[in-house]
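Enquirer: Quick check, what structure comes out for this input:
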Amino acid sequence: MRLLILLLSTSVLFSCKEVKETESKEVSEKTIQKSISKTKLIFDTDANNELDDQHALAYMLLNGDVFDVKGITVNATINGKGIQGHYDEAERVMQLCNLKDSLPLLNGAEGNLKEITENFNPADFDGKDGVDFMLEETKKDSVIIVAVGKLTNIALALKKDPSFAERTKIVWLGSNYPAPGEYNQDNDTIAMNYVLNSKIPFEMVTVRYGKPSGTDAVAVTQDEITQKMTGLGPKASEPITGRHGGTFETFGDYSVNLFTHIFDEAHIESNETKSRPLFDMVALAVLKNPNWAETKSISAPILIDNSWVERPENERQILIWENFNREKILADFYESIENPQLVSSSK
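Expert: Okay, the predicted model is just below:
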């Protein structure tokens, strides 16, 4: 009997050990898989344009379990106080996320594609630092480019090295397609057409001002931001001075400040509800969860005289993102800022 009990006890001990080892192995495999499945990206932004770029940056930097950020490049659009203004604003958001100097931040193009390529010198041109960074990083690994401003940096990368098209894809927040107009598009239409006529895989996250099918519908009111964002986010090791003045230690408080001032700026028209879309953040949200929008593949059109011209015979296909789930995207945005997971340092 004592021998039987001893044998049974030994069997139970080995079984428990096997269960623990199996559970440990499963946890390890899940951890590895989670790391493998991160989206590796470069974020190309006109960070100081309005306020959606800043919210996109914070969302990306605080989703470190989802995004593997290789670096951030900036470009200058007509609003934002030149390339330095865009660089400085991106750096502010990085500091609020305690990631300043932890990730590469580089200047891209200040001018447009036509201006820069009139006498193009591949060894020295406007935007070279940011463009060369894109070219080199995409040689190292499978990295995509999320572009939320004009497409000048992307077009310049293609011009300098056409093989760029074979090793990455572009996810672009822009265009009212199939309607004309839209800020990012209008800032460098020639660059957009250059990219559309290339072979680089291209996904268009539509804006569609005033339409429920575009990212314009993912809007929040000033009151909602004040209620939900005040104090949210990690506390910065060093406070920043905001672009409108004032001192801030959390992105949540800076968000409230940005919304407070956006309706006073000359290029923004107020409305009764005082709401603003978080356009750029949506481009990252649908990468995190593609089920938060619908997609369709079309033959790449082209924009001529501010009108879209369809090219059904064009074998080149691009992906259109539309019909975004506002509630789920915003719920995830607030959750990400409230429970942040910082991206890993790339330096």
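
Enquirer: Helices along the stretch 51-200 of the chain, start to end?
Expert: Using DSSP state H, counting those that start in this stretch, the helices of the stretch 51-200 of the chain run over residues 52-61, 82-96, 113-117, 128-140, 152-160, 183-187, 189-196.

Enquirer: What mean pLDDT does the fifth one get?
Expert: To tie it back to what came earlier, the one meant is helix 152-160. Mean pLDDT, computed over helix 152-160, is 98.

Enquirer: residues in contact with it?
Expert: 44, 73, 75, 108-109, 111-113, 116-117, 120, 122, 125, 127, 130-131, 134-135, 145, 147, 164-165, 170, 172, 188, 190-191, 194-195, 198, 200 (Cβ atoms under 8 Å, 6 or more residues apart in numbering). Where you see a C-beta, it was placed from the backbone N, CA and C, and this is true even at glycine.

Enquirer: Among the helices of the stretch 51-200 of the chain, which comes closest to residue 239?
Expert: helix 82-96 (8.4 Å; Cβ to Cβ).

Enquirer: list the buried ones in the closest one?
Expert: Buried residues in helix 82-96, counted by 16 or more other Cβ atoms under 10 Å: 83, 85-96.

Enquirer: re the thing from before, can you redo the helices of the stretch 51-200 of the chain as CSV with distance to residue 234?
Expert: Below are the helices of the stretch 51-200 of the chain laid out as CSV (distance: least, Cβ to Cβ, whole Å):
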stretch, distance to residue 234
helix 52-61, 10
helix 82-96, 8
helix 113-117, 38
helix 128-140, 26
helix 152-160, 29
helix 183-187, 29
helix 189-196, 36
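
Enquirer: Quick check: which of those is nearest to residue 291?
Expert: The closest of the helices of the stretch 51-200 of the chain to residue 291 is helix 52-61. By Cβ to Cβ, the value is 17.4 Å.

Enquirer: packing partners for the closest one?
Expert: With contacts defined as 3 or more Cβ pairs under 8 Å, 6 or more residues apart in numbering; DSSP states H and E, helix 52-61 has these neighbours: strand 39-45, strand 67-74, helix 82-96, helix 251-262, helix 279-288, helix 326-338.

Enquirer: Double-check residue 221 against residue 263; I have them as touching.
Expert: No - counting by Cβ atoms under 8 Å, residue 221 stays clear of residue 263, with 11.0 Å between them.

Enquirer: list the residues that contact both of these two?
Expert: By Cβ under 8 Å, 6+ apart, the residues touching both residue 221 and residue 263 are residue 274.

Enquirer: With only the CA atoms kept, save stretch 54-72 in CSV.
Expert: What follows is stretch 54-72, C-alpha atoms only, in CSV (Å, rounded to 0.1, in the frame of the first residue of the first chain):
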residue,chain,number,x,y,z
GLN,A,54,-0.3,64.7,-32.5
HIS,A,55,-3.1,62.3,-31.5
ALA,A,56,-1.9,59.8,-34.1
LEU,A,57,1.6,60.1,-32.8
ALA,A,58,0.6,59.5,-29.2
TYR,A,59,-1.7,56.6,-30.1
MET,A,60,1.2,55.0,-32.0
LEU,A,61,3.8,55.6,-29.4
LEU,A,62,1.6,54.2,-26.6
ASN,A,63,0.7,51.0,-28.5
GLY,A,64,4.0,49.3,-28.1
ASP,A,65,2.5,45.9,-28.0
VAL,A,66,1.1,46.4,-31.5
PHE,A,67,3.6,48.8,-33.3
ASP,A,68,7.3,48.4,-33.8
VAL,A,69,8.2,52.0,-34.7
LYS,A,70,11.5,52.3,-36.6
GLY,A,71,11.4,56.1,-36.8
ILE,A,72,9.4,59.2,-37.5
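
Enquirer: Alright, I will stop here.
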